[in-house]
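J.: Predicted model and sequence below, questions to follow.
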Amino acid sequence: MRHSKRSKLTVDDINAALRVKNVEPLYGYSRGEPHQFRKTTINNNDIYFDEDEEVDFDTILNKPLPKIPLDVTFTAHWLAIEGIQPAIPQNPTPSDAKAELLTKRTKTHGSSNGITTDQVKVKPLVKHVLSKELQMYFERITEAVLSEDERLQSQAFESLRLDPGLHQLLPYFVQHIHKKVTQNHKNLDVLDAMLSMAHSLLNNKHLFIEPYVSVRSAIMSTLYLFKLIIFLSQLHQLIPPILSCLVGRVICENPQQQNHWSTRHRAALLIANICHQYGKAYHTLQPRITKTLLRAFLDPTRPLTTQFGAIIGLDKIGVEVTRVLIVPNIKFYSDNCLKSAIHSTNSNRVQEAIKCRDALVVTLMIMLYE
């Protein structure tokens, strides 16, 4: 300011002084419009000066005050509750969604006629990248789970049950279980290993599964909802392979010699564990499972092995399920399924019918004892 022979201090003067002192300048402040100099002549000398604008003080006083800026606020609302979108003002109505869909279809048809593929920008898919250590751990565990070495196998299950750093690998393990059960639905050893793997993952206290499914408040953060959706999708991917081991028609190569009944019992315990652990937070989980098992139990066209799995599955879920769903339907099941099977000439069918009858007797005894 002194070197420029000015009497008015500007923001640029402050920033220049800060730069000299090696201090970061002020951001967001500037002098506004550039200076406009006027020329005047005094004693045959040209003088340039910055003319200050004259402002009427009464005009400033009479000028209306600006509106008070609004405070920053955040609101939360439900996007969907158990797959159903609530009818609230924040969510689009069905008519709006239909109109938007029609608009997208119109744009798609219009673009397919006049726009080439070079003009369309396709966003690349986001790929989840695992570290090399996690990839090696995943490969070693999946190999050890199917290993014939019992000591190595038990160590793998123990690691899955106790290791605290498996959160990123959880969806990969669930997908692996689903894939192996689908590809080896008649290999009893593989099915037993996958059930043990699922049991270890469900009992791992370090996976922080409880916060994902325990809905304690109607207001939910975006990250919380995202984690909840991820976990429920994993849970729905984990239940079908367990149900396949429970009510599958044939889950081994030689049903007469291999003990597939114990495998079905393990699957029933896992299904019951899932219902008891997550049924309160996800209210439609247990009704869907019991509805599936009840349909398999009362369908005369289903094989007896499937009906056996349905009986023990309903029994393990709880005594109340037995009282409401099994007891009222025992007469129907006995007349339409058991009677003809027990008097059959096929010895294998008779053995399966006896297993179903014994399972019903055990279920009723447990209910009476309780």
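T.: Looks like it came in fine.
J.: Please list the residues outside stretch 243-254 that contact it.
T.: By C-beta atoms under 8 Å, 6 or more residues apart in numbering, the residues outside stretch 243-254 that reach it are 181-182, 185-188, 191, 194-195, 258, 260, 263-264, 266-268, 271, 289, 292-293, 296, 303, 305-306, 309-310, 312-313. C-beta: built from backbone N, CA, C; applies to glycine.
J.: Sorry, slip of the keys, the one I care about is stretch 140-159.
T.: 160, 173, 176, 190, 193, 194, 196, 197, 199, 200.
J.: Setting aside sequence neighbours, what's the nearest residue to the second one?
T.: The spatially closest residue to residue 173, leaving aside those adjacent along the chain, is residue 201, at 6.0 Å (C-beta to C-beta, 6 or more residues apart in numbering).
J.: Tell me if I'm right that that neighbour and residue 171 touch.
T.: No: the pair formed by residue 201 and residue 171 falls short of the contact definition of C-beta atoms under 8 Å, at 10.9 Å.
J.: Tell me which of the two has more neighbours.
T.: Per other C-beta atoms under 10 Å, whichever of residue 201 and residue 171 has more neighbours is residue 201, with 21 against 15.
J.: in which helix or strand would I find the more buried one?
T.: Assigned by DSSP states H and E, residue 201 falls within helix 188-202.
J.: Which residues are in contact with residue 302?
T.: Listed by C-beta under 8 Å, 6+ apart, the contact set of residue 302 reads residue 296.
J.: Is residue 48 part of a helix or strand, or is it coil?
T.: strand (DSSP: H, G, I helix; E, B strand; the rest coil).
J.: So residue 147: helix, strand or coil?
T.: Residue 147 is classified as coil under three-state DSSP.
J.: sorry, back to before: retrieve the pLDDT associated with the residue nearest to residue 173.
T.: Note on residue 201: pLDDT of 89.
J.: got a list of what it touches?
T.: Here residue 201 is in contact with 160, 161, 166, 170, 173, 174, 207, 238 (criterion: C-beta under 8 Å, 6+ apart).
J.: where's it relative to residue 303, distance?
T.: Distance, residue 201 to residue 303, by C-beta to C-beta, to the nearest Å: 30 Å.
J.: Same question for residue 248.
T.: Distance, residue 248 to residue 303, using C-beta to C-beta: 9 Å.
J.: and these two? which has more neighbours close in?
T.: A direct count of neighbours by other C-beta under 10 Å for residue 248 and residue 303 places residue 248 higher, at 22 against 17.
J.: And the more buried one, its phi and psi?
T.: Here is the backbone geometry of residue 248 (degrees, to the nearest 10): phi -60, psi 150.
J.: okay, and for the stretch 251-370 of the chain, where does confidence drop off?
T.: For the stretch 251-370 of the chain, no stretch has pLDDT under 70.
J.: ok so, going back, looking at pLDDT only, which of the contacts of residue 201 scores worst?
T.: Taken together, the contacts of residue 201 show their lowest pLDDT at residue 207, with 74.
J.: thought it was touching residue 168?
T.: No: counting by C-beta under 8 Å, residue 207 stays clear of residue 168, with 10.5 Å between them.
J.: ok, these two, which is more surrounded?
T.: When residue 207 and residue 168 are compared for neighbours, residue 207 comes out ahead with 19 against 13, by other C-beta under 10 Å.
J.: The more buried one: what's it in contact with?
T.: 166, 167, 170, 201.
J.: How many residues are close by residue 38?
T.: 9.
J.: Next up, the contacts around it.
T.: Neighbours of residue 38 in contact, by C-beta under 8 Å, 6+ apart: 48, 49, 50, 51.
J.: Tell me the one of the residues you listed nearest residue 4?
T.: Of all those, residue 50 has the smallest distance to residue 4: 10.4 Å, by C-beta to C-beta.
J.: For residue 280, see how far away the closest one is.
T.: 75 Å.
J.: how about the helices in the stretch 201-350 of the chain?
T.: 210-213, 222-247, 260-278, 285-298, 304-317, 319-321, 330-333, 339-342, 347-369 (DSSP state H, counting those that start in this stretch).
J.: Residues in contact with the last one: which ones?
T.: So that's helix 347-369. Outside helix 347-369, the residues that touch it by C-beta under 8 Å, 6+ apart are 255-256, 261, 303-305, 307-308, 311-312, 314-315, 319, 322-323, 326-327, 330, 333, 337-338, 341-342, 344.
J.: Just the buried ones from the residues you listed?
T.: 255, 303-305, 307-308, 311-312, 314-315, 322, 326, 333, 337-338, 341 (16 or more other C-beta atoms under 10 Å).
J.: In the residues you listed, find the pair that's most separated.
T.: Farthest-apart pair in the buried ones among the contacts of helix 347-369 is 255 and 322; separation 26.2 Å (C-beta to C-beta).
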